[in-house]
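Trainee: just a sequence and a predicted model for now, questions to come.
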Amino acid sequence: MSKRTLHAFFKPSSSPQAKKSRTDTTSIHPTYPFPIAALDSSLSTSLSLDTPSNPPKHINNQPHLDLLYFQPYIPHRTAQQLFLFLRRNLPFYRVKYTIRRGSTETIINTPRFTTVFGVDETSYFALPADVSNTNTNTTERILIDRKTKTPISRNKYKCTPRPIPSCLETVRKQIESVCGATFNFCLINYYASGEDSISYHSDDERFLGPEPTIASLSLGARRDFLMRHKPFQSGGERGTLKLPLGSGDMVVMRGETQANWLHSIPKRKAGGEADRGRINITFRKAVVPGGTENYYRYNVGDGEVYRWDEERGEMVKWKG
Ligand SMILES: O=C(O)CCC(=O)C(=O)O
Ligand SMILES: [Fe+2]
């Protein structure tokens, strides 16, 4: 008998606490512009029983490269259902920000829709009922300081961290069990068409700690994921790689990869598969509050909320 089955056997399943933390109920939180639906049971069953659908290929045949490539991770039909579900149910943003170089200010329009959930390791979300000395009846998850085990001070973050909704928690836990790594952030990109992209960068920020593991799941349209080695000091040869990521594929970047390699999703011509839309989810672990500030600034920002409109077949501004 598995540990899970044993646990379920001995623990009364109808305690109010068990109900509150169940992953099959709609997620509500004051930081969400609207309630976020839960996965239906057939989708979450398929996610837990049918994944990984294929064992990974270990790609480490180039300097400093350490990838696990699941082709696919989620079976095609389930991946398509998950794509449609997330596109319909998550709030998205089109973030603008300014960068200053010397005396010149440039406005950057992020060329894709983004959203983010999670908080760095120094805090976590909990129900007030589970926190000692907090006697409110609310079922709203609050932020707790990991060291003091008490609610965080009001000025700990400038941004307002959002708990990971149940639909993404299901995916996070499942991927954690396969990767042998833990994650506290979930960043989502929606590339509406071939015009949407992400330019060459690496996710090597110090707030992720050394040698971060980043799991990156693709859903929807196939898009090329390009990688190239950072320039060698001596101007030596650069390695390159192209992974044509299809729906349900997952790439796990590990070890020295972020420190030495850049990656991108380049634009594609109109009229091709890219115009059907693609979602990318990256699971990461930020270790300090700087990571939380950075992720909310660049993936939520302070602009308008967008939500998928089924009739119009596009993201529209959410009027609330
Ligand atoms: O869309 C992708 O596959 C990559 C996204 C990415 O690199 C990022 O969000 O940092
Ligand atoms: Fe990235």
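Mentor: The structure has been received and is ready for your questions. Ligands and ions are numbered 1, 2, ... in the order given.

Trainee: where does pLDDT dip in this protein?
Mentor: Within the chain, the stretches with pLDDT under 70 are 1-23, 133-137, 232-237.

Trainee: switch the cut-off to 90
Mentor: Along the chain, segments meeting pLDDT under 90 span 1-25, 128-139, 231-239, 320.

Trainee: which positions in it make contact with ligand 1?
Mentor: Residues of the chain lying near ligand 1 by CB under 6 Å from any ligand atom: 187, 189, 198, 203, 216, 218, 225, 263, 265, 280, 282. In this view, the C-beta of every residue, glycine as well, is placed from N, C-alpha and C.

Trainee: try it again with 5 Å
Mentor: Proximity of the chain to ligand 1, by CB under 5 Å from any ligand atom, involves residues 189, 265, 280.

Trainee: name the element the nearest residue to the first one once chain neighbours are set aside belongs to?
Mentor: If I follow you right, that is residue 189. By the measure of CB to CB, 6 or more residues apart in numbering, the closest residue to residue 189 outside its immediate chain neighbours is residue 280, 4.5 Å from it. Under the criterion of DSSP states H and E, residue 280 resides in strand 278-284.

Trainee: which residues touch the closest residue to ligand 1 within the stretch 201-320 of the chain?
Mentor: Closest approach between the stretch 201-320 of the chain and ligand 1, counting by CB to the nearest ligand atom: residue 280, at 3.2 Å. Shown in contact with residue 280 (CB atoms under 8 Å, 6 or more residues apart in numbering): 188, 189, 191, 216, 217, 218, 219, 265.

Trainee: how many neighbours does the second one have?
Mentor: For residue 189, the neighbour count with other CB atoms under 10 Å is 23.

Trainee: that one is in contact with residue 217, isn't it?
Mentor: No - applying CB atoms under 8 Å, one finds residue 189 not in contact with residue 217, separated by 10.9 Å.

Trainee: need the helices for the stretch 151-300 of the chain, in chain order.
Mentor: With DSSP state H, counting those that start in this stretch as the criterion, the stretch 151-300 of the chain has helices at 166-179, 257-260, 289-299.

Trainee: if the residue of the stretch 201-320 of the chain closest to ligand 1 is in a bridge, with which residues?
Mentor: According to DSSP bridges, the partner residues bridging residue 280 are residue 189, residue 218.

Trainee: and the contacts of whatever helix or strand residue 88 lives in?
Mentor: Assigned by DSSP H and E, residue 88 belongs to helix 76-89. Contacts to helix 76-89, defined as CB under 8 Å, 6+ apart, come from residues 36-37, 39, 43, 46-47, 50-51, 72, 74, 167, 171, 188, 190, 219-220, 247-248, 277, 279, 281, 308, 310.

Trainee: show me the contact partners of stretch 31-43.
Mentor: Contacts of stretch 31-43 (CB under 8 Å, 6+ apart): 23-28, 47, 78, 81-82, 85, 89-91, 160-163, 165-167, 170, 305, 307, 318, 320.

Trainee: buried only: go through these for me.
Mentor: Buried subset of these (neighbour count, 16 or more other CB atoms under 10 Å): 27, 47, 78, 81-82, 85, 89-91, 161-163, 165-167, 170, 305, 307.
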